[in-house]
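Q: attaching a predicted model along with its sequence, questions to come.
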Amino acid sequence: MTVLPDDGLSLAAEFPDATHEQWQRLVEGVLRKSGKDASGPAAEEALSTALDDGLITRPLYTSRDTAPDAGFPGFAPYVRGGTAAGGAAAGWDVRQRHTTADPAATNETVLADLENGVTSLWLGVGPGALPVSGIERALDGVFLDLAPLALDAGGEVGPAARELFRLYEERGIPKDAPGGTLGADHLGHEARTGERLDPAAAIELARLCGQEYPHLRALAVDALPYHEAGGSAAQELGASLATAVAYLRELTDAGLTVEAACAQLEFRYAATADQFLTIAKLRAARRLWARVAQACGAPDAGAQRQHAVTSPVMMSRRDPWVNMLRTTVACLGAGVGGADSVTVLPFDHSLGLPDAFARRIARNTSTILLEESHLARVIDPAGGSWYVERLTDELAHAGWEFFQEIERAGGQAAALRSGLIGDRLAATWAKRSEKLAKRREPITGVSEFPNLTERPVERVAPPAEPSGGLPRVRRDEAYENLRSRSDAHLASAGTRPRVFLAALGPAAAHTARASFASNLFQAGGIEAVHDPVSVDATSAADAFKASGATVACLCSSDALYEEQAAQVAEALKSAGARRVFLAGRPAEHADVDAYVFAGCDAVAVLSSTLDHMGVA
């Protein structure tokens, strides 16, 4: 092998270093071409994106964007991973959820999952899900010393845990073999249902696991109720910290050491299709928990154990196949972020109980990322990125602030019961709902590029979700309501509500706005009828009459609007149009009733349009 001499050459040696100010000047030029006049930092700010929690994603990060030293994998503050080897040896634990009430059916899907790549099980137990008496049948043929279990039993965690211990003993499982978590989470249960549980069962299980089952954790700190109620990433972090601190107080008051109490907790977070936010959230969560452990006098308590679940909030009911893409990105974010266990929800999760195909795609998502993409072979692959390190730091501070607010209110239980947490989450969701309504946060297949001819995907109804506590929200909720109105009209009238697009002038004048308007109206279940180019008011009116539509929308350039909008709008109304829209920014155009444009409240426009069409 020939070794080349180190002559100090660099591919960029002949080029001078570019400055931040030079880059800003280039940005100024681009903005001027788009009609925006901004200079210096203002030009950079124009390209920034506002996130929840007051965070900002800027277009450029450099070495000046400092963040605290993230340390090394496996060492406090564990930002870069809970173990020194990360997931390089075996990847993350692929954990799939089972909520079917039929023990035999559960057993069938459990075995299929374990035979095809799943490495641990997440069992829903209790009302509507698997009964405690069915646990044995559901786990028939499962090697309990090899497949860790995570229980989600709510108020039945005590009986479910005792049944599991009985199975361990009956099958001769050594006590140092079982892993997973018993899932005791009385504050999480209260957040879900409003029902208060006695923490005695959780304390007793923690004491038992600490004494006899060294690899089995008794308590779960589930942040999903706060995510599913519309909370931000920082609110997830803050609520999970407050819950965990409440559990530490209960366990240490019962006689456990801080280290032993920390060892009984497993944390559960949502992973979304915003991969960088997911990565930063998991990294920040480990840092924050390390800070809590240190403050409690247990700096050697070890890293936070994390279970990431692809977000139910982001799952759409329309065009559910797109959910496969969302969950793939979310799984990637969870894996890169260092989650110990990852659950990929099936793409039909929002429609009911998943079928065999959906379960297969869900478990294969992790398999592809682990086995074909080798995602786990690099420890903390996002580490060192100026953007990710800065986002991790900012998110950690925002999460800590919310945690402190909860603590000032008396702790997690008091903040839940006083309504403080619910109010904060509702305020966050209200802001996000506004972005969703204006399509500033697009939902592919729902608010963007909907498919009105898609065949519905039907599934068996899922178990009833617990209620009585924090609400459950969905990103697609407002658009789903509009589409349901359209479906009802289709069932009764035989056609969907229609809007006629009056495209004026040559293709160059109308194509962009016609495409925009078509996309927007279809998001509300309103079929867009395109006509050959309308050359004058008479031809537009004739085409409208033939379309079967009751509403029309003008689509063209601003120049042609000045020349023809008033005349064409008047002709369309004379032809029977109940409402005439114009695709473009509001301006003075006679006989135009409303405008549709980028940033308009699409949900309000669509709902009002259906009202004008007489669609209930």
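A: Nice, thanks for sending it over.
Q: helices of the stretch 351-500 of the chain, residue ranges please.
A: Counting by DSSP state H, counting those that start in this stretch, the stretch 351-500 of the chain has helices at residues 356-367, 386-408, 412-418, 420-437, 477-493.
Q: save those helices as a markdown table, and put in distance to residue 70, mean neighbour count and mean pLDDT too.
A: Just so you know, the C-beta spots here come from the backbone N, C-alpha and C atoms, and that holds for glycine as well. Below are the helices of the stretch 351-500 of the chain laid out as a markdown table (distance: least, C-beta to C-beta, whole Å; neighbours: other C-beta atoms under 10 Å; pLDDT from 0 to 100):
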| stretch | distance to residue 70 | mean neighbour count | mean pLDDT |
| --- | --- | --- | --- |
| helix 356-367 | 25 | 19 | 97 |
| helix 386-408 | 6 | 20 | 97 |
| helix 412-418 | 28 | 20 | 98 |
| helix 420-437 | 27 | 18 | 97 |
| helix 477-493 | 38 | 17 | 96 |
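Q: export these to a markdown table and tack on distance to residue 530?
A: What follows is the helices of the stretch 351-500 of the chain, written out as a markdown table (distance: least, C-beta to C-beta, whole Å):
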| stretch | distance to residue 530 |
| --- | --- |
| helix 356-367 | 35 |
| helix 386-408 | 42 |
| helix 412-418 | 52 |
| helix 420-437 | 26 |
| helix 477-493 | 18 |
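Q: between those helices, which one is nearest to residue 281?
A: Closest approach to residue 281 among the helices of the stretch 351-500 of the chain (C-beta to C-beta): helix 386-408, 6.1 Å.
Q: residue 529 is nearest to which of the helices of the stretch 351-500 of the chain?
A: That would be helix 477-493 among those, by C-beta to C-beta, at 14.4 Å.
Q: picking up where we left off before, quick check: which of the helices of the stretch 351-500 of the chain is nearest to residue 605?
A: helix 420-437 (9.4 Å).
Q: I would like the residues contacting the closest one, please.
A: By C-beta atoms under 8 Å, 6 or more residues apart in numbering, the surrounding residues in contact with helix 420-437 are 52, 191, 226, 229-232, 235, 239, 402, 405-406, 409, 412, 415-416, 441, 443, 447, 470-471, 473, 475, 478, 601-604.
Q: and residue 359, how far is that from residue 555?
A: 44 Å (C-beta to C-beta, to the nearest Å).
Q: cool, residue 461 as well?
A: 42 Å.
Q: looking at those two, which one has more neighbours?
A: With neighbours defined as other C-beta atoms under 10 Å, residue 461 and residue 555 compare such that residue 555 has more, 30 against 9.
Q: which one, of the helices of the stretch 351-500 of the chain, ends up nearest to residue 81?
A: Residue 81 lies closest to helix 386-408 among the helices of the stretch 351-500 of the chain, at 12.7 Å (C-beta to C-beta).
Q: so that closest one versus helix 420-437, what angle?
A: Here helix 386-408 runs at an angle of 140 degrees relative to helix 420-437 (axes from the mean of the first three to the mean of the last three C-alpha atoms, to 10 degrees).
Q: shift numbering so it begins at 56
A: Noted, 56 is the first residue going forward, which turns the last one into helix 441-463.
Q: contacting residues around the residue nearest the centre of the chain?
A: In the chain, the centroid-proximal residue (C-alpha atoms, centre = their mean) is residue 327; its distance is 3.2 Å. Residue 327 makes contact with 333, 365-366, 368-369, 385, 388, according to C-beta under 8 Å, 6+ apart.
Q: let's see 7 Å
A: 333, 366, 369, 385 (C-beta atoms under 7 Å, 6 or more residues apart in numbering).
Q: ok, now residue 424?
A: Neighbouring residues of residue 424 by C-beta under 7 Å, 6+ apart: 386-387, 390, 430.
Q: returning to that earlier point: now the residue nearest to the centre of the chain, nearest residue through space, not along the chain?
A: Of all residues not flanking residue 327 in the chain, residue 366 sits nearest, at 4.5 Å (C-beta to C-beta, 6 or more residues apart in numbering).
Q: all helices for the stretch 206-355 of the chain, in order.
A: Under DSSP H, counting those that start in this stretch, the stretch 206-355 of the chain gives helices at 212-225, 241-248, 255-267, 279-283, 288-308, 313-317, 330-350.
Q: closest one to residue 195 among those helices?
A: Of the helices of the stretch 206-355 of the chain, nearest to residue 195 by C-beta to C-beta is helix 212-225, at 10.0 Å.
Q: show me what the closest one is packed against.
A: helix 190-193, strand 204-207, strand 235-239, helix 255-267 (3 or more C-beta pairs under 7 Å, 6 or more residues apart in numbering; DSSP states H and E).
Q: looking at the ones you listed, which is buried most?
A: strand 235-239 (a mean of 28; mean count of other C-beta atoms under 10 Å).
Q: tell me what angle that strand forms with helix 212-225.
A: Interaxial angle of strand 235-239 relative to helix 212-225 (the same axes, to 10 degrees): 150 degrees.
Q: and residue 198, how many neighbours?
A: Around residue 198 there are 11 residues (other C-beta under 10 Å).
Q: per-residue pLDDT, it?
A: On the pLDDT scale, residue 198 is placed at 96.
Q: is it part of a helix or strand, or is it coil?
A: Three-state assignment for residue 198 (DSSP: H, G, I helix; E, B strand; the rest coil): coil.
Q: if I pick it, what's in contact with it?
A: Not one residue lies near residue 198 by C-beta under 7 Å, 6+ apart.
Q: how far away is it from residue 170?
A: Distance, residue 198 to residue 170, using C-beta to C-beta: 11 Å.
Q: try residue 242
A: 36 Å.
Q: neighbour count: these two, which is higher?
A: residue 242 (26 against 8).
Q: name the nearest residue to the more buried one, ignoring sequence neighbours.
A: Going by C-beta to C-beta, 6+ apart, residue 242 has residue 298 as its nearest residue, at 5.0 Å.
Q: same deal with residue 154?
A: Spatially, and ignoring its direct neighbours in sequence, residue 154 is nearest to residue 179 (3.7 Å; C-beta to C-beta, 6+ apart).
Q: so the one you found, which of the three states?
A: strand.
Q: quickly list what it is bridged to.
A: residue 207 (DSSP bridges).
Q: list the residues that contact it.
A: Neighbouring residues of residue 179 by C-beta under 7 Å, 6+ apart: 152-154, 185, 207.
Q: burial measure for residue 220, as a count.
A: For residue 220, using other C-beta under 10 Å, the count is 20.
Q: gap between it and residue 527?
A: In terms of C-beta to C-beta, residue 220 sits 32 Å off from residue 527.
Q: related to what we said a few turns ago, can I get the helices and strands packed on helix 212-225 in TSV including distance to residue 507 and mean pLDDT?
A: Formatted as TSV, the helices and strands packed on helix 212-225 follow (distance: least, C-beta to C-beta, whole Å; pLDDT from 0 to 100):
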stretch	distance to residue 507	mean pLDDT
helix 190-193	41	97
strand 204-207	37	97
strand 235-239	42	97
helix 255-267	49	97
